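Q: Need coordinates for the following:
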Amino acid sequence: MAAFPEAEAPSPKIYIPEEWSEAAEAIAYDSVTSPPPVALVCGAKNCGKTTFSRHLLNVLLQRYQKVAYLDTDVGQTEFTTPGFLSLTVIDQLTPDLTIPCLKTPDRCYFFGDISSKRDPKAYLKYIFALYDHYRREYCMLKDSKNPVKVELPLLVNTPGWVKGIGYEILVDILKYIGPTHVVKINISAEAKNLPAGTFWLDEDHEESVNLIEISSARQDSFKRSVLVQKDARLLRDLRIMAYFRQCFPSNLNITTIKELANALASHPPYEIPISSIKIKHLHCQIPSTEILYSLNATIVGLAVSSEDSENLPPCVGLGIVRGIDTFKRLLYVLTPVPQSSLEKVDLLLHGFIQIPTCLLQGPGLHFTLHVNKCSALKLADIYSAVQELFNRFHFRIFSEVVSSA
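A: Modelled structure (predicted):
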């Protein structure tokens, strides 16, 4: 495979220990691995899985022109907004490992929650479907009548829920995917780590797997792991704001949360006839008389009905239900999804992904539900930490969003 000429650029404030570099090099340049490697990264919460995955992705891109990335962490997604399970094909190095970015996935499903706890079966079904899609499109299957044009390595990032049901889910993922390499990141608090060895394999398993165990990147003078504590909610809000920033041209001067909220409030929404779409509530049941009320002022997944036996509708993006007119039977939806893709949407998926409260401040977004008379719901609750993150990251994140669009 052709290699990219650029070397990985150093990232500020990111420490990559020699042990991590050796592990990434071993996976990317494993001469035994043919076809390309399928690597899965696992470990306890905040142990460094995302950082190592980004580093490994860059190392793989120095050998392969493209890398497939299967993101199974619905709470801290890598290339999409929260609530998605996605397969994304990456073809560019990430120069700064500290900055997340949004990219258009090759295929994604809207799970509609930030944890798999509510519906582990549906969660696994989506992941298996994404891996099957990868196998069909990017693997050279034996006895295949339609061989793929190019084989791609696969990188699988997993959530940090590794105890109880979370552990069982991880085992099911490992067994189904059958990776060539498993990277297990350990921390000094042994009780929080995954079991030693190839814990997911049965005793009579014959296929070989490369298990690479590494320690978390940072340790104190007593060799205790120093875990990076992240404000998960703020990071999720930041991703959602970055996503809906794509409703506007990149050269439009939007530098604060208030400016983004005002821009969204004045942005003309799409009009969607209620008769042209179906509505599905994920993880809960809503009385038919309350469906429209429950949709107002919410984030929904914009999906295309699937006719396959599994009935797994692929999603093209997110929308904010800006208002509902029951007289005209219209939904008013804000979304950066282009009209050509939106015309295929015939299903709205309603989950538990919420609009960041900071976008509902002051004279910004307000939502209307026209029934007997017009009434407006306004919420005002802004926290300064989101503004600080927004001011810090919006230029770099939005530039990544635009460049990957």
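Q: what separates stretch 42-60 from the chain centre, distance-wise?
A: Computed by CA atoms, centre = their mean, to the nearest Å, the chain-centroid distance of stretch 42-60 equals 14 Å.
Q: any idea of the mean pLDDT for that stretch?
A: The pLDDT scores in stretch 42-60 average 93.
Q: Find the least confident helix or strand in the protein, judged by mean pLDDT.
A: Of all helical and strand segments in the chain, the minimum by mean pLDDT, DSSP states H and E falls on strand 376-377, at a mean of 30.
Q: just the helices in the chain please.
A: Taking DSSP state H as the test, the helices found in the chain are 18-28, 49-61, 120-138, 165-177, 232-245, 257-266, 291-295, 339-342, 384-404.
Q: Which one of these lies nearest to residue 187?
A: Taking CB to CB as the criterion, helix 49-61 is the member of the helices of the chain that comes nearest to residue 187, at 11.2 Å. (Glycine included, C-beta is placed from N, CA and C.)
Q: mind checking how far that closest one is from the chain centre?
A: Remark: helix 49-61 is offset 15 Å from the chain centroid, using CA atoms, centre = their mean.
Q: Okay, angle between it and helix 18-28 too, please.
A: 50 degrees (axes from the mean of the first three to the mean of the last three CA atoms, to 10 degrees).
Q: Can you pull out the low-pLDDT segments for this structure?
A: Low-confidence segments of the chain, defined by pLDDT under 70: 1-13, 31-34, 141-149, 205-206, 218-230, 309, 361-405.
Q: Geometric centre of it: which residue is closest?
A: By CA atoms, centre = their mean, the chain has its centre lying nearest to residue 77, at 3.1 Å.
Q: Would you check that that one makes contact with residue 84?
A: Yes: at 5.8 Å, residue 77 and residue 84 qualify as touching, with contact defined as CB atoms under 8 Å.
Q: Touching both of those two, which residues are there?
A: Counting by CB atoms under 8 Å, 6 or more residues apart in numbering, the residues touching both residue 77 and residue 84 are residue 71.
Q: and residue 217, how many neighbours?
A: For residue 217, the neighbour count with other CB atoms under 10 Å is 21.
Q: Hmm, it is touching residue 46, no?
A: No: between residue 217 and residue 46 there is no contact under CB under 8 Å: 11.1 Å.
Q: For those two, list the residues in contact with both.
A: Residues touching both residue 217 and residue 46 (CB under 8 Å, 6+ apart): there are none.
Q: report the angle between the axes of the lengthiest strand in the chain and helix 232-245?
A: When the chain is scanned for its longest strand (criterion: DSSP state E), the result is strand 315-325. Orientation check (the same axes, to 10 degrees): strand 315-325 against helix 232-245 gives 80 degrees.
Q: and strand 315-325 with helix 257-266, angle?
A: Going by the same axes, to 10 degrees, strand 315-325 makes 70 degrees with helix 257-266.
Q: Off-centre distance for strand 315-325?
A: Computed by CA atoms, centre = their mean, the chain-centroid distance of strand 315-325 equals 19 Å.
Q: name the helices or strands packed onto it?
A: strand 107-110, helix 232-245, helix 291-295, strand 299-303, strand 330-334, helix 339-342, strand 367-370 (3 or more CB pairs under 8 Å, 6 or more residues apart in numbering; DSSP states H and E).
Q: Format the ones you listed as TSV; extra columns: distance to residue 134.
A: Shown next, in TSV, are the helices and strands packed on strand 315-325 (distance: least, CB to CB, whole Å):
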stretch	distance to residue 134
strand 107-110	9
helix 232-245	23
helix 291-295	33
strand 299-303	20
strand 330-334	31
helix 339-342	22
strand 367-370	39
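Q: Out of these, which is closest to residue 161?
A: Across those, residue 161 has its closest neighbour in helix 232-245 (12.3 Å, CB to CB).
Q: Quick one: list the elements packing against that closest one.
A: Helix 232-245 packs on helix 257-266, strand 315-325, helix 384-404, going by 3+ CB pairs under 8 Å, 6+ apart.
Q: try it again with 10 Å
A: With contacts taken as 3 or more CB pairs under 10 Å, 6 or more residues apart in numbering; DSSP states H and E, helix 232-245 sits against helix 257-266, strand 299-303, strand 315-325, helix 384-404.
Q: Pairing partners for the second one, with directions?
A: Yep, that's strand 299-303 we're talking about. Sheet pairing here is set by DSSP bridges, and for strand 299-303 it gives strand 315-325 (antiparallel), strand 347-350 (antiparallel).
Q: Determine which of those strands approaches residue 276 most closely.
A: Taking CB to CB, strand 347-350 is the member of those nearest to residue 276, at 10.4 Å.
Q: for the closest one, the distance to its chain's centre please.
A: The chain centroid and the centroid of strand 347-350 are separated by 18 Å under CA atoms, centre = their mean.
Q: cool, stretch 294-307 as well?
A: Distance of stretch 294-307 from its chain centroid, counting by CA atoms, centre = their mean, is 17 Å.
Q: same check, this time on stretch 20-34
A: Taking mean C-alpha positions (CA atoms, centre = their mean), stretch 20-34 and its chain are 25 Å apart.
Q: just stretch 114-126 next, same as before
A: The chain centre lies 14 Å from the centre of stretch 114-126; the measure is CA atoms, centre = their mean.
Q: which parts of that stretch are buried?
A: 114, 115, 116, 118, 119, 122, 123, 124, 125, 126 (16 or more other CB atoms under 10 Å).
Q: The last one against residue 71, yeah?
A: Spelled out, that is residue 126. No: judged on CB atoms under 10 Å, residue 126 makes no contact with residue 71 at a distance of 11.1 Å.
Q: Show me the common contact partners of the two, please.
A: When contacts are counted by CB atoms under 10 Å, 6 or more residues apart in numbering, residue 126 and residue 71 are jointly contacted by 84, 85, 86, 108.
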